[in-house]
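Asker: how would this look folded up:
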Amino acid sequence: MPSTPVKSARLSRRHVLSHALGGAAALALPSVQAQSSGAWPNKPIRLIVPYTPGGFTDQMARLVQNGLQTRLGQSVLIENKPGAGSMIGVDAVAKSAPDGSTFGVVIAAYAANNSLYPKLPYDARKDLTGVSLMGISPLVAAVPLDAPFKTAQELVRYARANPGKVSYGSSGNGSAVHLTTELFKQQTGAFMVHIPYRGAAPALTDLIGGQIQLFFDAATGLINMGKQGKVRLIGVASEQRLPALPDLPTFIEQGFKDFTGSTWAGVIAPAGTPRDILRRMSEEITRIVRSEEMRPRLEAMGTFPAGGTPEEFDAFLVSENAKWGKVIRTGGIKPD
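Answerer: Purely as a prediction, here's the structure:
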């Protein structure tokens with residue numbers, strides 16, 4: 001199996017971290033009688049998506065929906081519960097019975113919210129547990145066609161020489177787009193002005209029109225724009241190039257050491273869900289996202305298939321919490 005970004009340096013500590021987190025989750029007592037994986041599932045499964053239909057999170061949930069139904073022999077129902085930066089949907093998962101009938105699909109904001117918001121309606125460590133990472137979608141940087149810079153290095157030099165003249169858009173405070181661009185600022189010392197939007201679409205519109213000069217987004221939102229010549233793509237924030245954009249170099253290749261940023265999708269469950277159910281669910285998700293059938297569909301979205309055990313996903317979440325928590329604290333970032 002080809003390696004994926006999951007096996008990156010960020011996860012080199014995963015064995016130590018996963019044992020700690022996995023053990024803590026295993027000690028949580030279920031509030032209902034645990035059912036064995038042999039009897040599970042004995043009723044329809046809910047996949048709660050804390051965002052509106054059509055976005056990356058929803059797309060990832062629907063990509064695995066049919067496969068799970070076939071492999072588990074039970075209906076899998078997607079329930080969209082958007083609002084409050086994903087907190088409404090995540091809270092619904094946290095407060096569900098830990099009997100293997102409810103799971104949630106979350107993205108990078110799930111990790112960032114732990115540092116972004118002083119109070120959450122749930123405790124991510126105590127009330128929720130990881131199941132499996134589904135896929136990682138590195139962010140791609142785009143600039144207007146008429147921008148006075150054509151490469152990432154030229155962008156940084158221009159921003160340093162013209163403080164405040166470069167503005168960048170995001171899909172909202174604390175989003176993966178915002179935090180990745182903030183990390184880029186912190187690592188390069190380039191001062192750029194943040195312009196938050198209510199979603200990626202209006203930010204992309206203003207980028208094309210030249211109202212903003214930089215926009216990081218998931219590749220699925222920029223691949224066609226770049227190929228159609230509506231924007232200039234200048235780099236991908238990943239350790240390796242995207243199969244969908246093989247000619248676009250990574251920022252690391254361009255001299256920006258260790259600079260990575262992505263959105264990702266993973267499955268969580270209420271704490272106390274029996275470990276054998278978590279493992280069965282993670283095994284099926286891994287088989288689906290790593291299948292030959294799924295690979296081209298994910299590649300077309302600019303997404304690397306992941307998969308893995310509950311312990312590995314818990315370790316990944318610890319790493320993400322630490323990375324983006326530092327960015328949030330350093331940048332003094334506050335929620336909307």
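
Asker: Now do Ser167 against Arg46, distance only.
Answerer: As judged by CB to CB, to the nearest Å, Ser167 and Arg46 stand 41 Å apart. To be clear about C-beta, it is placed using only N, CA and C from the backbone, and glycine gets the same treatment.

Asker: now do Asn224
Answerer: Using CB to CB, one gets 33 Å for the distance from Asn224 to Arg46.

Asker: With neighbour numbers in mind, choose between the two.
Answerer: Neighbours per residue, other CB atoms under 10 Å: of Asn224 and Arg46, the larger number sits with Arg46, 18 against 9.

Asker: give me the number of residues near Glu79?
Answerer: 14.

Asker: as a whole number, average confidence for the helix or strand harbouring it?
Answerer: Per DSSP states H and E: Glu79 is located in strand 76-80. On average, the pLDDT along strand 76-80 is 97.

Asker: Could you do stretch 195-208 as well?
Answerer: Stretch 195-208 shows a mean pLDDT of 92.

Asker: can you check stretch 107-127 too?
Answerer: 93.

Asker: can you pull out the helices in the stretch 201-336 of the chain?
Answerer: Taking DSSP state H, counting those that start in this stretch, the helices of the stretch 201-336 of the chain run over residues 219-227, 275-289, 295-300, 310-331.

Asker: Out of the ones you listed, which gets nearest to Ser86?
Answerer: Closest approach to Ser86 among the helices of the stretch 201-336 of the chain (CB to CB): helix 310-331, 14.1 Å.

Asker: which residues in the protein form strands?
Answerer: All strands of the chain, identified by DSSP state E, fall at 45-49, 76-80, 102-106, 128-143, 167-170, 193-196, 214-218, 232-236, 262-270, 304-305.

Asker: and Pro202, which of those strands is closest to it?
Answerer: Comparing these by CB to CB, strand 167-170 comes nearest, at 8.1 Å.

Asker: Dig out what the nearest residue to Leu222 once chain neighbours are set aside forms beta bridges with.
Answerer: Distances taken as CB to CB, 6 or more residues apart in numbering place Val140 nearest to Leu222, at 4.8 Å, with adjacent residues excluded. Beta bridges link Val140 to Asp217, Val236, judged by DSSP bridges.

Asker: check contacts around Met134.
Answerer: If you count contacts by CB atoms under 8 Å, 6 or more residues apart in numbering, Met134 has them with 60, 64, 105, 264-267, 285, 289, 305-307.

Asker: What number of residues are in the vicinity of the residue nearest to Leu222?
Answerer: By other CB under 10 Å, the residues close to Val140 number 28.

Asker: Asn162 now?
Answerer: Asn162 is flanked by 13 other residues according to other CB under 10 Å.

Asker: Retrieve the pLDDT associated with it.
Answerer: Asn162 is given a pLDDT of 94.

Asker: distance of it from Ala322?
Answerer: To Ala322, Asn162 is 33 Å away according to CB to CB.

Asker: Likewise for Leu68?
Answerer: Taken as CB to CB, the span from Leu68 to Ala322 is 31 Å.

Asker: okay, these two: which has more neighbours?
Answerer: Counted by other CB under 10 Å, Leu68 and Ala322 do not tie: Leu68 has more neighbours, with 22 against 12.

Asker: give the contact list for the more buried one.
Answerer: Going by CB under 8 Å, 6+ apart, Leu68 touches 45, 76, 284-285, 288.

Asker: cool, and Val64?
Answerer: 134, 285, 288-289.

Asker: Same question for Met225.
Answerer: Neighbouring residues of Met225 by CB under 8 Å, 6+ apart: 142, 204, 208, 231.

Asker: give me that answer again for 10 Å
Answerer: Residues in contact with Met225 (CB atoms under 10 Å, 6 or more residues apart in numbering) are 140, 142, 204, 207-208, 215, 217, 231-233.

Asker: Could you export these as JSON lines, including distance to Met87?
Answerer: JSON lines is the format used below for those (distance: CB to CB, whole Å):
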{"residue": "Val140", "distance to Met87": "27"}
{"residue": "Ala142", "distance to Met87": "29"}
{"residue": "Leu204", "distance to Met87": "26"}
{"residue": "Leu207", "distance to Met87": "28"}
{"residue": "Ile208", "distance to Met87": "32"}
{"residue": "Phe215", "distance to Met87": "25"}
{"residue": "Asp217", "distance to Met87": "23"}
{"residue": "Val231", "distance to Met87": "32"}
{"residue": "Arg232", "distance to Met87": "36"}
{"residue": "Leu233", "distance to Met87": "32"}
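
Asker: No further questions, thank you.
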